[in-house]
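[1] build me a model:
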Amino acid sequence: MNTISARLILLCLLVAMIPALTQAQSPNEIAAQEVKAAVVAFNQDYERNDLDAYFSYYRDDATLWFNTGRVTLADYKTMWYQLIKEGGAVQKNEISDLQVMIDPSGDTGIATYSLKVDTRQPDGSVTQEQAHETDVWFKLDGAWRITHIHYSAKPVE
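    Prediction:
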């Protein structure tokens, strides 16, 4: 085979590989998929009222900001376990418009999304909220954990 033919074949092979090479995911694209999956699982555990699983996503030093202001993780846990003990429960928790941004180092993710949440209160009444949530996730020791949540909700009319 002459040199020109060999080069032409090599060039054709390289051109054919371009789509596969450009479709390869960057580490940050992989991290974004991991955070999206974590957000979905986190919210599914919340909807199932599996509080042990739900709270396992939080770092112990996480900060939480709700309509009422800053809340400690300990107080938030106490409130939820009490609500469930008294007969309350999340009945619906629908996520929409999930967006994730990953920092250049690949170990911090910011997830923003909307939620429709129906919660049965201990007295049997159901509250409905439309909420917007921002979660800040850190990857530590190979696992994504929530370090901050900002949850802003209003009643559905």
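[2] tell me where the chain has helices.
    Using DSSP state H, the helices of the chain run over 3-23, 27-47, 51-55, 73-85.
[3] what's the pLDDT at the spatially most central residue of the chain?
    Among the residues of the chain, the one closest to the centroid is residue 39, at 2.1 Å (Cα atoms, centre = their mean). Looking at residue 39, its pLDDT is 98.
[4] so it touches residue 98, yeah?
    Yes. Here residue 39 reaches residue 98: they are 6.2 Å apart, a contact under Cβ atoms under 8 Å. Where you see a C-beta, it was placed from the backbone N, CA and C, and this is true even at glycine.
[5] mutual contacts of the two, please.
    Both residue 39 and residue 98 are contacted by 111, 113, under the criterion Cβ atoms under 8 Å, 6 or more residues apart in numbering.
[6] tell me, how many residues neighbour the closest residue to residue 71 other than its chain neighbours?
    Distances taken as Cβ to Cβ, 6 or more residues apart in numbering place residue 64 nearest to residue 71, at 4.7 Å, with adjacent residues excluded. Counted by other Cβ atoms under 10 Å, the residues lying close to residue 64 total 17.
[7] quickly list what residue 64 is bridged to.
    Going by DSSP bridges, residue 64 is paired in beta bridges with residue 71, residue 149.
[8] that one contacts residue 135, doesn't it?
    No. Look at residue 64 against residue 135 with Cβ under 8 Å: they stay out of range, at 10.3 Å.
[9] need the overlap of contacts for these two.
    Common contacts of residue 64 and residue 135 (Cβ under 8 Å, 6+ apart): 148-149.
[10] how far away is residue 24 from residue 35?
    19 Å (Cβ to Cβ, to the nearest Å).
[11] then residue 29?
    11 Å.
[12] with residue 80 instead?
    Computed as Cβ to Cβ, the residue 80 to residue 35 distance reads 23 Å.
[13] more crowded one of those two?
    Taking other Cβ under 10 Å, residue 80 and residue 35 do not tie; residue 35 has more neighbours (22 against 17).
[14] circling back to that earlier point, for the residue nearest to residue 71, what are its contacts?
    Residue 64 is in contact with 70-73, 76, 148-149, 151, counting by Cβ under 8 Å, 6+ apart.
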